[in-house]
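Trainee: With the sequence up front, the predicted model follows.
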Amino acid sequence: GCCCQVSDFPCFQRVRGGGGSGTGRDQGIVEERRDAKGRKFWPTQPMVQLGEELGSKVGPLDRQGNDGGRTNNTASTKPSLPAKVPPEFYFSNLNLDDHNQLHEVYNLLREHYVADKDGQFRFYYSKNMLKWAAFVPGYRPNWFVGLRKRESNELVGCILATPSSLAVNGSIIQMATINFLNLRLDVRSKSLAPVLIQEITRRLNSEGIYQAFFTSGALVAKPLAITRYYHRPLNWQRCLELQFVAQPRNQTVEEVAKMLRLNPMKSKLKFHYRPMTEEDLKQVHELWTGASKRYKLHSVFTEEMLRHLLIPSTEDLVWTYVATPPRDVSKVVGFTSFYALPMRTQAGQRDIRGDAKTEQTPTCPRQLPQLQNRQAVYETSTGRLLDIAHLFYHASDEKRGPGQRELVQAAVHFAQSKKFDVLNSHAALVDPNILVQERFLRGDADLNWYLFNYGMPRQLHGLEIGIVAI
């Protein structure tokens with residue numbers, strides 16, 4: 001079986017008096033979770049349920065999800081017919097190599113995916129970002145599922161799955177990562193999210209995949225971990241202008257900006273840093289393979305997957321820097337990375353009127369050379385962009401490499417040098433105490449972590465998780 005990322009997407013609160021702000025992952029079809037059908041759907045899924053204790057069910061769970069039994073997943077148990085969908089809709093395979101279909105998914109996510117409660121902030125996935133997230137090594141085209149209106153062929157929903165290899169308490173399991181569950185606003189009252197989940201479950205089961213990983217801002221079952229979001233403002237003035245933060249009453253704009261300003265790099269970083277190249281791939285893979293073993297739940301990467309994630313062929317998506325001793329820049333003893341995922345907002349401007357058929361270029365007052373390529377990648381959109389980088393994977397040689405704090409410091413430095421407005425992280429993979437020391441603001445939203453059809457002995461802490469959810 002498989003599930004989806006479903007999120008309440010707690011309101012992306014503006015920072016008040018030094019407080020934080022937070023987001024959830026994946027636009028929650030929370031109307032479906034709250035209505036009668038939603039309440040009936042989730043308890044039928046093979047997950048440890050709310051009110052149950054982690055540890056009561058360990059390992060693969062029964063497909064019915066209620067008695068803790070183990071599944072004998074034979075070919076005869078694999079459902080062969082598509083999930084039942086209301087007659088006015090039908091499933092379609094999404095071909096993201098097709099320009100028109102990619103544009104459909106892009107528009108669906110742009111207008112209906114991951115927003116705050118007021119609809120003021122919305123994550124902005126460019127077409128290049130979507131292809132990077134979907135076309136991982138070994139991807140299956142039939143795991144990209146669309147839901148269309150039969151009469152008009154309009155795309156009104158989608159869900160995507162990608163193959164992943166996760167180590168769970170030392171055991172490596174081939175499973176799916178679920179992402180981009182989304183429904184158009186006008187069909188969310190029709191309880192279609194469970195239908196999409198059932199269909200992707202069927203497709204995964206038909207290929208022998210019975211476990212999945214997902215994250216959510218909503219409590220749909222008993223989470224195996226709960227982590228908090230953190231945000232490091234890099235351009236305080238821009239964050240204020242777009243109402244991402246609120247100015248503390250007892251400090252001026254200049255005082256806060258000075259507090260957040262980076263110290264000279266030479267006084268903080270002990271190692272030399274340079275952009276990662278293809279020649280560094282083997283050493284980076286060895287670093288991650290060694291460092292990841294400290295986590296109870298972590299990604300298991302091949303060199304091919306790390307190449308895709310850390311040095312993609314498309315520019316201005318991911319930035320990866322390797323740490324080397326000053327006297328031997330070919331010896332890699334650590335690496336740090338971040339990826340770009342901006343937010344689109346209508347805030348900070350008095351009048352933006354966009355006709356549905358006429359798109360406007362995002363307003364960005366910083367016409368700097370470093371931004372020109374990245375802004376081009378963002379396509380066009382009505383509104384303004386808050387340029388956000390997200391802390392990605394990092395690792396280090398425990399004896400000879402930089403500590404985790406220095407790797408975070410380097411990421412902050414390079415994100416600011418690339419003219420990002422904010423660097424986001426959550427308290428998994430990285431120590432939250434380090435984030436606070438580096439002046440990240442603690443968010444007010446949690447991220448819930450789930451394994452579908454797999455029970456854990458106990459709940460994990462963020463520092464026991466070696467996965468970054470895109």
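Mentor: Arrived safely, thanks for sending.
Trainee: For the residue lying closest to F420 once chain neighbours are set aside, give its distance to E398.
Mentor: Nearest non-adjacent residue to F420, counting by C-beta to C-beta, 6 or more residues apart in numbering: A389, 4.3 Å away. (C-beta placed from N, C-alpha, C; glycine too.) A389 is 26 Å from E398, where distance means C-beta to C-beta, to the nearest Å.
Trainee: Pick out whichever of those two has more residues nearby.
Mentor: Using other C-beta atoms under 10 Å as the criterion, A389 and E398 rank with A389 on top: 28 against 13.
Trainee: all helices of the stretch 151-300 of the chain, in order?
Mentor: Listed in chain order, the helices of the stretch 151-300 of the chain (DSSP state H, counting those that start in this stretch) span 193-206, 236-241, 253-260, 281-291.
Trainee: Out of those, name the one with the poorest average pLDDT.
Mentor: Lowest mean pLDDT within the helices of the stretch 151-300 of the chain: helix 253-260, at a mean of 81.
Trainee: Buried residues, that helix. List them.
Mentor: Of the residues in helix 253-260, V256, L260 count as buried by neighbour count, 16 or more other C-beta atoms under 10 Å.
Trainee: repeat for stretch 290-297
Mentor: Buried residues in stretch 290-297 (16+ other C-beta under 10 Å): A291, S292, Y295, K296, L297.
Trainee: now do stretch 171-191
Mentor: For stretch 171-191, burial by neighbour count (16+ other C-beta under 10 Å) applies to 173, 175-184, 187-188, 190-191.
Trainee: re earlier: any chance you could list what contacts the helix or strand hosting the residue nearest to F420?
Mentor: For A389, the host element (DSSP states H and E) is strand 388-391. By C-beta atoms under 8 Å, 6 or more residues apart in numbering, the list of residues contacting strand 388-391 from outside reads 319, 337-343, 408, 411, 415, 418, 420-425, 430, 468.
Trainee: Which of those residues fall within strands?
Mentor: Cross-referencing the contacts of strand 388-391 against strands under DSSP state E gives W319, S337, F338, Y339, A340, M343, V422, L423, N424, S425.
Trainee: what's the burial count for L50?
Mentor: L50, neighbours per other C-beta under 10 Å, totals 12.
Trainee: Hmm, P342 is touching L386, no?
Mentor: Yes: when contacts are counted by C-beta atoms under 8 Å, P342 is listed as touching L386 (6.0 Å).
Trainee: May I have the beta-bridge partners of the residue nearest to F420?
Mentor: A340, L423 (DSSP bridges).
Trainee: ok, so what distance separates it from V333?
Mentor: In terms of C-beta to C-beta, A389 sits 23 Å off from V333.
Trainee: Ok, P325 next?
Mentor: For P325 relative to V333 (C-beta to C-beta), the value is 7 Å.
Trainee: Same question for L317.
Mentor: Going from L317 to V333 by C-beta to C-beta gives 25 Å.
Trainee: Check V256 too.
Mentor: Relative to V333, V256 is positioned 35 Å away (criterion: C-beta to C-beta).
Trainee: And Y229, by the same measure?
Mentor: From Y229 to V333 the distance is 29 Å (C-beta to C-beta).
Trainee: If you count surrounding residues, which of those two has more?
Mentor: Neighbour totals were compared for Y229 and V333, and Y229 leads with 26 against 21 (other C-beta under 10 Å).
Trainee: ok, back up a step: which one of the helices of the stretch 151-300 of the chain is the most hemmed in?
Mentor: Ranked by mean neighbour count under mean count of other C-beta atoms under 10 Å, the helices of the stretch 151-300 of the chain are led by helix 193-206, which reaches a mean of 22.
Trainee: How much space separates the residue of the chain most remote from its centre from P432?
Mentor: Most distant from the centre of the chain: R327, at 36.7 Å, with distances by C-alpha atoms, centre = their mean. The gap separating R327 from P432 is 34 Å, by C-beta to C-beta.
Trainee: what do you get for G466?
Mentor: Between G466 and P432 the computed distance is 15 Å (C-beta to C-beta).
Trainee: Between the two, tell me which one has more neighbours.
Mentor: The neighbour count for G466 versus P432, taken as other C-beta under 10 Å, is higher for G466 (22 against 19).
Trainee: close enough to count as contact, that one and S292?
Mentor: Yes: in this structure, G466 is within contact of S292 by C-beta under 8 Å, at 4.8 Å.
Trainee: List the residues that are in contact with both of the two.
Mentor: Common contacts of G466 and S292, defined by C-beta under 8 Å, 6+ apart, comprise H298, S299.
Trainee: Point out where the stretch 201-350 of the chain drops to low pLDDT.
Mentor: Along the stretch 201-350 of the chain, segments meeting pLDDT under 70 span 263-267, 346-350.
Trainee: give the contact list for Y339.
Mentor: Taking C-beta under 8 Å, 6+ apart as the criterion, Y339 is in contact with L317, V318, W319, A389, H390, F392, I470.
Trainee: residue boundaries of the strands in the stretch 51-200 of the chain?
Mentor: Using DSSP state E, counting those that start in this stretch, the strands of the stretch 51-200 of the chain run over 59-60, 89-93, 121-123, 144-149, 155-168, 171-183.
Trainee: ok, of these, where does mean pLDDT dip lowest?
Mentor: When those are compared by mean pLDDT, strand 121-123 comes last with a mean of 84.
Trainee: who does that one touch, helix- and strand-wise?
Mentor: Under the contact definition 3 or more C-beta pairs under 8 Å, 6 or more residues apart in numbering; DSSP states H and E, strand 121-123 sits against strand 343-345.
Trainee: Work out the gap between the strand it packs on and the centre of the chain.
Mentor: 16 Å (C-alpha atoms, centre = their mean, to the nearest Å).
Trainee: strands paired with it, and their directions?
Mentor: According to DSSP bridges, strand 343-345 forms sheet pairs with strand 121-123 (antiparallel), strand 384-386 (antiparallel).
Trainee: How far away from the center of its chain is the first one?
Mentor: What it means is strand 121-123. Centroid separation between strand 121-123 and its chain, computed with C-alpha atoms, centre = their mean, is 13 Å.
Trainee: same thing with the last one?
Mentor: The gap between where strand 384-386 is centred and where its chain is centred comes out at 19 Å by C-alpha atoms, centre = their mean.
Trainee: swap in stretch 134-142?
Mentor: How far stretch 134-142 lies from its chain's middle: 17 Å, per C-alpha atoms, centre = their mean.
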